[in-house]
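Visitor: What would the 3D arrangement of this be:
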Amino acid sequence: MLHYRTYEAGPDAPWVTFIHGAGGSSSLWYKQIREFKKEHNVLLVDLRGHGQSEQGLWEKGDTFATVSEEVIEVMDEVGIEETYIIGMSLGTIVAQTLADNFPHRVKALILGGAIIRLDIRTKILLWLGRASKRFIPYMTLYRFFAYIIMPLKEHEESRLAFVNEAKKMCQKEFVKWMSLTRLINPYLSTLQASTTSIPTLFVMGEEDYLFIPPVKEVVSRYDSFEFEEIKESGHVCNIDQPEQFNSISINYIERMENAIRQKEAALS
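Guide: Residues are numbered from 1 along each chain as shown. The predicted structure is shown next:
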């Protein structure tokens, strides 16, 4: 069972599940908890090998589906039937995989710093990481990745937060997570098409130069996908501009809840 924490506002409040990115942990949502727990039930999980969750769980053939099933196990333990899911960075792939395999458990997705396709620059970066992952210390690689993805001075807090959390991992865990990136592109192209029935809001920092172009492109193709851009923000927009990220996300959840109530009233 993954390590998790909950904050419950009440039995009628909607559940919101937060899924962090690779190398992070649930503690990286520290700028969201105070606002969200006022009117939402909050579930924070540490993905396998991260934070306080157990390491060494990997078996041959494990995939993003395996990781998403572990989040479902936590939801079952807590008694959550349906939830909004907020994912960040590589956590957005876990979130979308969960929505694809368990659509009846997900009300809507909010994907920050979403990774939905890799361009040639990112492919080269990940190839270098996979090629050297077994003989270069993982923190050297992680610091390099963090700087490439979050290069500007205003990204420094986000960059340092992820680097400090990544120190809690071990080389073996880093290698396993890096291995998952091998098939990201073909997997994501299928995943985008299969999750169009789930309302999805993409929240991206305007300086997230590696990942924002494909997000804009895919949002233009599907009516169920929405897009919000946050100024003066990079890849980890929930830390760079937390007030904007919180406001955008909470307003979206409120809009989805109103739509659900209207639909239920029409059917009654």
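Visitor: Would you map the strands across the stretch 51-200 of the chain?
Guide: All strands of the stretch 51-200 of the chain, identified by DSSP state E, counting those that start in this stretch, fall at 83-88, 106-112, 200-205.
Visitor: Turn those strands into JSON lines, columns for distance to I149 and mean pLDDT.
Guide: C-beta coordinates here come from the backbone N, C-alpha and C atoms, glycine included. Putting the strands of the stretch 51-200 of the chain into JSON lines (distance: least, CB to CB, whole Å; pLDDT from 0 to 100) gives the following:
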{"stretch": "strand 83-88", "distance to I149": "12", "mean pLDDT": "98"}
{"stretch": "strand 106-112", "distance to I149": "13", "mean pLDDT": "97"}
{"stretch": "strand 200-205", "distance to I149": "11", "mean pLDDT": "97"}
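Visitor: and of those strands, who's closest to Q262?
Guide: Closest to Q262 of those, according to CB to CB: strand 106-112, at 14.2 Å.
Visitor: what's the residue most central in space within the chain in contact with, if anything?
Guide: Centroid check for the chain by CA atoms, centre = their mean gives G87 as the closest residue, at 2.3 Å. By CB atoms under 8 Å, 6 or more residues apart in numbering, G87 lies in contact with 18-19, 21, 93-96, 109-112, 114.
Visitor: For G234, state which of those is nearest.
Guide: Here the nearest of those to G234, counting by CB to CB, is G112; it sits at 11.0 Å.
Visitor: The closest one bridge partners, please.
Guide: Legend: beta-bridge partners of G112 under DSSP bridges are M88, V203.
Visitor: Name the nearest residue to the residue nearest to the centre of the chain, ignoring sequence neighbours.
Guide: Leaving aside its chain neighbours, G87 sits nearest to A95 (3.4 Å; criterion: CB to CB, 6 or more residues apart in numbering).
Visitor: Quick one: residues contacting the one you found.
Guide: Residues near A95 by CB under 8 Å, 6+ apart: 19, 68, 85-87, 109, 111.
Visitor: Compute the distance between the closest residue in space to F64 that isn't next to it in sequence and Y7, please.
Guide: Once flanking residues are discounted, F64 sits nearest to T97: 4.5 Å by CB to CB, 6+ apart. Per CB to CB, to the nearest Å, T97 is found 25 Å from Y7.
Visitor: These two: who's more crowded?
Guide: More crowded of T97 and Y7, by other CB atoms under 10 Å: T97, with 24 against 16.
Visitor: tell me which residues in stretch 212-229 are buried?
Guide: By 16 or more other CB atoms under 10 Å, the buried positions in stretch 212-229 come out as 212, 214-215, 218-219, 225-229.
Visitor: centre of the chain versus the lengthiest helix in the chain, how much separation?
Guide: If you go by DSSP state H, the chain has its longest helix at helix 242-267. Centroid separation for helix 242-267 versus its chain: 19 Å, with CA atoms, centre = their mean, to the nearest Å.
Visitor: Counting by contacts, list what that helix packs against.
Guide: helix 33-36, strand 83-88, strand 106-112, strand 200-205, strand 225-230, helix 237-240 (3 or more CB pairs under 8 Å, 6 or more residues apart in numbering; DSSP states H and E).
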